[in-house]
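# I would like to see how this sequence folds:
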Amino acid sequence: MWPILLCSVVALAIILEKFWYLYKIKIDTQGFLSNILNKMKHHQIKEALQICDNTKSPISNILKAGILKYDRTRAQIKEAIEDASLYEVPRLEKNLSALATIAHVSPLLGLLGTVAGMVKCFYAIQIKATNLQPVSPSDLAGGIWEALLTTVAGLIVAIPTFVAYNYLVSRINSFILDMEKASTELVNFLTE
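The predicted structure follows:
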């Protein structure tokens, strides 16, 4: 039960941290990009960079990398954006693999507890049989209770963790898609 409890605490911490991080970096991507492109149309590069600096989001960091190379070739602008995304995407996906691991390991820990409980039951039967004593239901109840409790605990941790993991992966993939669209629009604008 202790490993399952530890898994639940770690999973809850990761989930809360990811929700807070995604809330902090959420911006109106289309409005932000329109503002940047408007500044770029009027050759206000410093103002566009200032908007990126004032906006705390991976999208602003990626676009800033492209804006800094505004007078270069398309390939150089794309390379700068790709380099920035190599830093930003892992930050978005941070701890997701740990969350997936907890979602998969928790039922296995519950199963381990089930097996341990069943071993305890059969051990009680063996001891009674060796001593030629009758086996009563109360001799088995403790082991079966332990087995069922750990299975339930493992599932209670795994199910919400797996749901949260899938939701977070979906949100992060949507965020990455927005980053890709915005960077493509910026590259197209800068190289026209």
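# Under the pLDDT cut-off, which ranges of this structure? List them.
Within the chain, the ranges that satisfy pLDDT under 70 run 139, 142-143.
# Report the outermost residue of this structure with respect to its centre.
Leu132 (55.7 Å; Cα atoms, centre = their mean).
# three-state assignment of that one?
Following DSSP: H, G, I helix; E, B strand; the rest coil, Leu132 is assigned to coil.
# let's number from 373 now, not from 1
Noted, 373 is the first residue going forward, which turns the last one into Leu504.
# ranges for the helices of this protein?
Along the chain, counting by DSSP state H, helices occupy 374-397, 401-413, 417-426, 430-440, 446-465, 468-502, 509-562.
# now the closest residue to Lys398 other than its chain neighbours: how far from Tyr442?
Excluding its sequence neighbours, the residue lying closest to Lys398 (Cβ to Cβ, 6 or more residues apart in numbering) is Ser429, at 7.6 Å. No exception for glycine: its C-beta is placed from N, CA and C like everyone else's. Distance, Ser429 to Tyr442, using Cβ to Cβ, to the nearest Å: 20 Å.
# again, but for Leu458
As defined by Cβ to Cβ, Leu458 lies at a distance of 20 Å from Tyr442.
# So for those two, which sits in the more crowded spot?
Set Leu458 next to Tyr442 and count neighbours by other Cβ atoms under 10 Å: Tyr442 wins out with 17 against 9.
# Which residue is the nearest non-sequential neighbour of the more buried one?
Tyr442 sits nearest to Leu562 (Cβ to Cβ, 6+ apart), 5.3 Å away.
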